[in-house]
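Colleague: Fold the following for me, if possible:
(one chain, ligands or ions: 1)
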Amino acid sequence: MPRSLAEYQRKRDFSKTSEPKGVPDPSGGNRFVVQKHWATRLHYDFRLEMEGVLVSWAIPKGPTLNPAERRLAAHVEDHPVGYYDFEGTIPKGEYGGGTVMVWDWGTFKLEESTPAESMRRGEVKFSLSGVRLKGRYALVRTRSDKDWLLIKKKDEAADPTFAIETFDTSVKTGRTKEEIEQGKDAVWSSRREEGAGGLINLANAENGPMPKTLDPMKAQLGDQAFDNDRWLFEVKWDGVRLIAFIDEGKVLMQSRAGRSVDAEYPQLQAISRFVNAKQAIIDG
Ligand code: MN
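Modeller: The predicted model follows:
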């Protein structure tokens with residue numbers, strides 16, 4: 001049976017919700033997404049891109065890396081492929097009203113059989129390459145077309161201590177539920193306060209003159225290494241720090257300490273040709 005978006009579209013009023021209307025997209029991708037959805041009841045929507053749509057299950061407790069916990073998964077209507085990165089708030093009173101967060105995403109590989117045959121048999125075996133979810137899984141139909149179980153297989157990615165509530169931010173934008181609801185743009189700010197979230201709202205940004213100089217963010221010594229879902233970490237390369245101010249094709253460069261270094265790197269005047277903007281500041 002070919003897959004269809006008719007039920008998805010029938011349930012929604014696209015003049016009121018910002019969800020994508022969508023058409024089947026047979027380009028044959030193999031992405032998966034997990035959306036945390038604060039609807040009437042909290043659940044996680046688990047979607048596999050198959051046969052031009054996102055075949056979808058609603059999992060009340062969410063997926064897990066723990067092979068000992070089987071998770072009830074209700075098979076729901078197919079969603080358009082364009083739903084893959086949907087994040088935002090569905091208005092109250094509309095179908096699925098509530099906040100949607102992209103909780104995990106990536107690609108998957110079917111382990112055997114075709115998508116159509118796996119769905120017909122009621123057994124979809126696959127492995128995930130996501131940010132938070134990895135390794136082998138199976139979705140298995142039980143009593144009716146609606147009732148399925150998501151099962152984590154025992155492999156290197158399995159984690160009996162997995163606790164879903166420790167992951168409370170979007171893998172797409174880094175936002176918390178509250179930040180999604182406030183419509184805060186997904187932009188990292190160096191001026192955030194501890195625990196206040198890493199986001200600034202560009203909607204309230206004001207025009208101003210191009211700055212002549214700026215004090216770049218610098219690494220700080222800490223007493224202890226740490227890990228935190230809200231931080232991005234990178235290797236510290238050695239070399240020269242340089243801030244380039246590009247303004248209408250003209251490039252001015254300063255060192256980390258604010259000294260003009262235009263005479264030292266004349267070859268870098270060319271970088272304005274590689275930046276598709278009238279004005280930009282590059283910290284590199
Ligand atoms: Mn949902």
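
Colleague: Outline the domain layout of the chain.
Modeller: Using automatic domain parsing, the domain parsing of the chain gives 6-181, 208-283.

Colleague: All the strands of the stretch 151-284 of the chain, residue numbers only.
Modeller: In the stretch 151-284 of the chain, the strands defined using DSSP state E, counting those that start in this stretch lie at 242-247, 250-255, 279-283.

Colleague: Please identify the buried residues of the shortest one?
Modeller: Using 16 or more other CB atoms under 10 Å as the burial criterion, the residues of strand 279-283 that qualify are I282. Using the backbone N, CA and C atoms, a C-beta is placed for each residue, glycine as well.

Colleague: before we move on, what about stretch 267-281?
Modeller: 268, 271-272.

Colleague: tell me which parts of this protein are close to the ion?
Modeller: Within the chain, the positions near the ion by CB under 5 Å from the ion are 37, 45.

Colleague: Low-confidence ranges, the chain, go.
Modeller: Scanning the chain for pLDDT under 70 picks out the ranges 1-2, 184-204, 228-230.

Colleague: Which one of the residues in it is closest to the ion?
Modeller: With CB to the ion, the shortest gap between the chain and the ion falls at H37, namely 3.8 Å.

Colleague: What residues does that residue make contact with?
Modeller: Counting by CB atoms under 8 Å, 6 or more residues apart in numbering, H37 makes contact with 43-45, 58, 96, 98-101.

Colleague: In helices only, show me the residues you listed.
Modeller: With helices taken from DSSP state H, there is no overlap with the contacts of H37.

Colleague: any chance of those in JSON lines, with neighbour count too?
Modeller: Listed next are the contacts of H37 as JSON lines, based on neighbours: other CB atoms under 10 Å:
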{"residue": "H43", "neighbour count": "22"}
{"residue": "Y44", "neighbour count": "22"}
{"residue": "D45", "neighbour count": "25"}
{"residue": "A58", "neighbour count": "19"}
{"residue": "G96", "neighbour count": "17"}
{"residue": "G98", "neighbour count": "18"}
{"residue": "T99", "neighbour count": "18"}
{"residue": "V100", "neighbour count": "23"}
{"residue": "M101", "neighbour count": "25"}
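
Colleague: most centrally placed residue in the protein?
Modeller: For the chain, K172 is the residue whose C-alpha lies nearest the centre (CA atoms, centre = their mean; 2.0 Å).

Colleague: nearest spatial neighbour of it, skipping sequence neighbours?
Modeller: Leaving aside its sequence neighbours, K172 sits nearest to V102 (CB to CB, 6 or more residues apart in numbering; 3.9 Å).

Colleague: Would you agree the one you found is in contact with R175?
Modeller: No. Here V102 does not reach R175: they are 9.4 Å apart, not a contact under CB atoms under 8 Å.

Colleague: any common contacting residues for these two?
Modeller: Common neighbours of V102 and R175 (CB under 8 Å, 6+ apart) are E87.

Colleague: Spell out the residue ranges of the helices in the stretch 101-250 of the chain.
Modeller: For the stretch 101-250 of the chain, the helices defined by DSSP state H, counting those that start in this stretch cover 115-121, 177-181.

Colleague: buried set for the first one?
Modeller: Neighbour-count burial for helix 115-121, counted by 16+ other CB under 10 Å, picks out 115, 118-119.

Colleague: what separates that helix from the chain centre, distance-wise?
Modeller: Here the centre of helix 115-121 is set off from its chain's centre by 28 Å, with CA atoms, centre = their mean, to the nearest Å.

Colleague: Residues contacting it, please?
Modeller: Helix 115-121 is contacted from outside by 50-51, 55, 110, 112-113, 124-125, using CB under 8 Å, 6+ apart.

Colleague: Then the last one?
Modeller: Applying CB under 8 Å, 6+ apart, the external contacts of helix 177-181 come out as 36, 38, 87-89, 99-101, 168, 170, 173, 197, 199.

Colleague: Give the buried residues for stretch 85-99.
Modeller: For stretch 85-99, a neighbour-count test (16+ other CB under 10 Å) marks 86-87, 89-90, 94, 96, 98-99 as buried.
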